[in-house]
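Novice: take this sequence and fold it.
(2 chains)
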Protein chains: 2
Amino acid sequence: MKIWFYNAQILQNCKIISGDVLVEDEKIVYVGKNPPVFDADRKIDVKNNILMSGFVNTHSHIPSTIMRGYADDMPLDLWLDKIIPIERKMTENDIYWSTMLGVMEYVRAGITCVEENYSFISPIMNALKKAGMRARISLGYPNVNQTKKVNLEQQFKEIKKNNFKAVCFAHSVYGTSQKQFDELIVFAGKNNLSVSTHLSETLKEVGDCTVKYDKTPVEYLEYLGFLDRPCTIYHAVHTDKDDLKILADYNVNVVTCPSSNLKLASGIAPIYAMQTAGINIAIGTDGAYSNNSYDMFKEMFLTATLNKTTLYNAEILKAKEILKMSTINGAKSLGFDNLGDIKEGYFADLILIDIDKPHHFPHNNLVSNLVYSAKSSDVYLTMINGKIVYENDIFNFDEKVEKIYSECKKIKSKIL
Amino acid sequence: MKIWFYNAQILQNCKIISGDVLVEDEKIVYVGKNPPVFDADRKIDVKNNILMSGFVNTHSHIPSTIMRGYADDMPLDLWLDKIIPIERKMTENDIYWSTMLGVMEYVRAGITCVEENYSFISPIMNALKKAGMRARISLGYPNVNQTKKVNLEQQFKEIKKNNFKAVCFAHSVYGTSQKQFDELIVFAGKNNLSVSTHLSETLKEVGDCTVKYDKTPVEYLEYLGFLDRPCTIYHAVHTDKDDLKILADYNVNVVTCPSSNLKLASGIAPIYAMQTAGINIAIGTDGAYSNNSYDMFKEMFLTATLNKTTLYNAEILKAKEILKMSTINGAKSLGFDNLGDIKEGYFADLILIDIDKPHHFPHNNLVSNLVYSAKSSDVYLTMINGKIVYENDIFNFDEKVEKIYSECKKIKSKIL
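Specialist: Now for the predicted structure:
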């Protein structure tokens, strides 16, 4: 299958170039200005659109989609009191349909690759596959104070069987035991896997950790040996200069989830300090129960502007740097090669952004528009691995949209 | 002309009720559950939508729309160096078309009423009228260090002739002279008008004002007698407890513009402290050159969450309180009676929000969805003063959309 995008304004390496792009099967095989005549199955006129890499959403809990808006405007303890009983009620079937609902939102918003950190990986993977999503799936200890031993080998086998990438995931320094951390580190080493965890999300977490171990959460991870593996941490809101030095020294990837951090009143992550320290920063939406949508445009606006404000400096974190975080850096943080940009030989995870709308005019600076003016509804087409999974309000899934809605309505009436 | 909305989920007083709404000419004449059969010119099935008041955008500089993305990621002085020469080049014709472009974005995003603070009021009003926008237009001193005397009487006459509401506007304590403030106060008193100004937007402004007058900007306004008139101030980012007491004592309305404040690195306004002090808080987008879009959903998300984070308290500024700010409080701050809610006798400024989209499911809490999940692209229909000005991607203006785009392209190639 060959698809030829012509008349395109292409976001390449976070700059706009004009030209054509040819996709053959799952790869981008041509990017250039004066293409030969290709023998394509389909030609798409990209006039009035920007062609860019799909977004890499580097932290999410997709089954939480069913809980969107269920526990808002409340402190963390009350939020947990409402969320946990629902999570316990959810069957594998509920997880499957809630994931399908989330996947609709992902591809509608131009998210083509994701890291999922949740239990019940089988129904999650089954649903992701129905839309052809690219994903890194976590094995290990996704819940707080999980006591039941997990069969890591079996989980890893299952992830491999489903052709997803795997990561060894510990919930957090407060919710995962040292023994579990050790087990994950050994397993990751043996199988050449990366590791990931929530870290330094709240002041309470940092305070408790410091009291308990006389170490910040970052120092504790270093002490455990967790940072000796290729590592991604989510949030890193409350990290000081010494923490950032450690994270930089170990080449740890940091995922920022600004909407979730704002809405749960966690704080504002020191993104500019991380950038200055040379840390690879990526962006995630977190789950719909805390955000409450999967919208990388919202996250980009926040990542660009929150540190401008806390540091009273409008010059930092420029639009092109933010676009890199949501695409190229995201792919790097999840360990995907040849992903996150529009280059020959890269995987064809592409989106079209419709800029023929009032809020994009008069097209003074398209890179800037993508971060400061665009909305996820501007996504006109989403392609993953060379396959168009969404185009102009039509989803191309191996699952009917009406069925997804009706099953989610049933779940809502059953458990919410 | 009678329009009957049936099967509706209605946002009334920031709560969802179900029922029907009848609009007759410019007013809402019926809201209820079991209506008689109306003899309506049009019946609209509101199933899958929320029917709510249009947004009141209480601070904007709409001719700046043409400068969207033109001066991003730069400090205020460089930003001004880029913006001011463009403003000087703009003719009345440029102002007209740039305003038309902004109006398209307004109604597409459900904004039905606005306060415009800019010079060249004639072309602005001409454009607003083409879409039937409701607006308060400022007369006075909209520019920094304006030296030329203004004919307030003539401006006021012109605003009245065009059937808009008028407000006496001073740019700021640093950009407007005491003599000009005095002139506006006298004129407002004589004509029973409100007053407005930018205030305490940056730390520099507060510092400079304190050095110059030994007063904070709020104290200086009190000293001038500006607060003796019904008054609205924009931003109020850097206001302390004593300032807020003064603002509360004088019943001053505060307009918060969080996107603009974040992007220009101004700071985070103490909205919760204002609310606790009993101040009427409304929300504005500011101009597209600093924001870069007219999107009250984005502003609502930020207004709800920024103070949650700065105060580490997720319980404050609940969704329904934020909806009130963007509608009811906005109407109050601009001095419009019978506006901002869906009640019999109120003006028919209404919007439909399409909730039949993945990012709204599974409809656990529609009030919460409006603030935390909705996007401006969810606006399906916009009615102002009983007239449908936008519906499902079609604008119903006394000006052709294609012409607006083509004229704005001309302006861009001429001056940008």
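
Novice: need the strands for the stretch 201-350 of chain A, in chain order.
Specialist: A:231-235, A:253-256, A:280-283, A:350-354 (DSSP state E, counting those that start in this stretch).

Novice: oh, that last question was meant for the stretch 51-200 of chain A, not what I typed.
Specialist: Along the stretch 51-200 of chain A, the segments classed as strands by DSSP E, counting those that start in this stretch run A:55-60, A:111-116, A:134-141, A:165-170, A:194-199.

Novice: just give me the longest helix of chain A.
Specialist: With DSSP state H applied, the helix covering the greatest number of residues in chain A is identified as helix A:92-108.

Novice: what angle separates that one from strand A:134-141?
Specialist: Between helix A:92-108 and strand A:134-141, the angle formed by their directions is 140 degrees, by axes from the mean of the first three to the mean of the last three CA atoms, to 10 degrees.

Novice: picking up where we left off before, among the strands of the stretch 51-200 of chain A, which is nearest chain B?
Specialist: strand A:111-116 (11.7 Å; CB to the nearest CB). In this view, the C-beta of every residue, glycine as well, is placed from N, C-alpha and C.

Novice: re earlier: and the strands of the stretch 201-350 of chain A: which comes nearest B:Asn191?
Specialist: strand A:350-354 (46.5 Å; CB to CB).

Novice: hey, which of the strands of the stretch 51-200 of chain A is tucked in deepest?
Specialist: The densest packing among these, expressed as mean neighbour count by mean count of other CB atoms under 10 Å in any protein chain shown, is seen in strand A:55-60 with a mean of 30.

Novice: that one pairs with which strands, parallel or anti?
Specialist: For strand A:55-60, the pairing partners within the sheet under DSSP bridges are strand A:111-116 (parallel).

Novice: redo the strands of the stretch 201-350 of chain A as TSV? Include distance to chain B and mean pLDDT.
Specialist: Conversion of those to TSV gives the following (distance: least, CB to the nearest CB, whole Å; pLDDT from 0 to 100):
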stretch	distance to chain B	mean pLDDT
strand A:231-235	13	98
strand A:253-256	13	98
strand A:280-283	16	98
strand A:350-354	11	98
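
Novice: would you reformat these as CSV and include distance to A:Ile44 and mean neighbour count?
Specialist: Compiled in CSV, the strands of the stretch 201-350 of chain A are given as follows (distance: least, CB to CB, whole Å; neighbours: other CB atoms under 10 Å in any protein chain shown):
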stretch, distance to A:Ile44, mean neighbour count
strand A:231-235, 34, 26
strand A:253-256, 32, 28
strand A:280-283, 27, 26
strand A:350-354, 8, 24
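
Novice: any idea which of these gets closest to B:Pro142?
Specialist: Comparison of those against B:Pro142 by CB to CB identifies strand A:350-354 as nearest, at 34.2 Å.

Novice: just checking, what packs against the closest one?
Specialist: Of the remaining helices and strands, those touching strand A:350-354 by 3 or more CB pairs under 8 Å, 6 or more residues apart in numbering or on different chains; DSSP states H and E are strand A:49-53, strand A:379-384.

Novice: contact partners of it?
Specialist: The contact list for strand A:350-354 (CB atoms under 8 Å, 6 or more residues apart in numbering or on different chains) reads A:5, A:21, A:23, A:28, A:44, A:46, A:48-55, A:110, A:112, A:342, A:370, A:374, A:378-383.

Novice: what subset of those is buried?
Specialist: For the contacts of strand A:350-354, burial is judged from neighbour counts taken by 16 or more other CB atoms under 10 Å in any protein chain shown, and it is met by A:5, A:21, A:23, A:28, A:44, A:46, A:49-55, A:110, A:112, A:342, A:370, A:374, A:378-383.

Novice: okay, buried residues for the longest helix of chain A please.
Specialist: Neighbour-count burial for helix A:92-108, with 16+ other CB under 10 Å as criterion, is recorded at A:94-108.

Novice: quick one: residues contacting A:Ala273.
Specialist: Under the criterion of CB under 8 Å, 6+ apart, the neighbours of A:Ala273 are A:Lys241, A:Leu244.

Novice: let me know the pLDDT of it.
Specialist: In the predicted model, A:Ala273 carries a pLDDT score of 98.

Novice: got the phi/psi numbers for A:Asn369?
Specialist: The phi and psi values for A:Asn369, taken as degrees, to the nearest 10, are phi -60, psi -40.

Novice: any idea how far A:Pro123 is from it?
Specialist: In this structure, A:Asn369 and A:Pro123 are 38 Å apart, going by CB to CB, to the nearest Å.

Novice: for chain A, where's the lowest mean pLDDT among helices and strands?
Specialist: The helix or strand with the lowest mean pLDDT-type score in chain A, counting by mean pLDDT, DSSP states H and E, is helix A:76-89 (a mean of 91).

Novice: hmm, back to that, in a markdown table, list the strands of the stretch 51-200 of chain A along with mean pLDDT.
Specialist: Converted to a markdown table, those look like this (pLDDT from 0 to 100):
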| stretch | mean pLDDT |
| --- | --- |
| strand A:55-60 | 98 |
| strand A:111-116 | 98 |
| strand A:134-141 | 98 |
| strand A:165-170 | 98 |
| strand A:194-199 | 98 |
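
Novice: how about those strands in JSON lines, adding distance to A:Glu391?
Specialist: What follows is these, written out as JSON lines (distance: least, CB to CB, whole Å):
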{"stretch": "strand A:55-60", "distance to A:Glu391": "17"}
{"stretch": "strand A:111-116", "distance to A:Glu391": "14"}
{"stretch": "strand A:134-141", "distance to A:Glu391": "18"}
{"stretch": "strand A:165-170", "distance to A:Glu391": "26"}
{"stretch": "strand A:194-199", "distance to A:Glu391": "33"}
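
Novice: for A:Ile316, which of those strands is the nearest?
Specialist: With respect to A:Ile316, and counting by CB to CB, the nearest of the strands of the stretch 51-200 of chain A is strand A:55-60 at 21.3 Å.

Novice: what does the stretch 101-250 of chain A put close to chain B?
Specialist: By the rule CB under 8 Å from any CB of the partner chain, the part of the stretch 101-250 of chain A lying against chain B is A:Leu101, A:Gly102, A:Met104, A:Glu105, A:Arg108, A:Ala109, A:Leu203.

Novice: let me see the contact set for the last one.
Specialist: So the one you mean is A:Leu203. Under the criterion of CB under 8 Å, 6+ apart, the contact list for A:Leu203 reads A:His238, A:Gly267, B:Tyr312.
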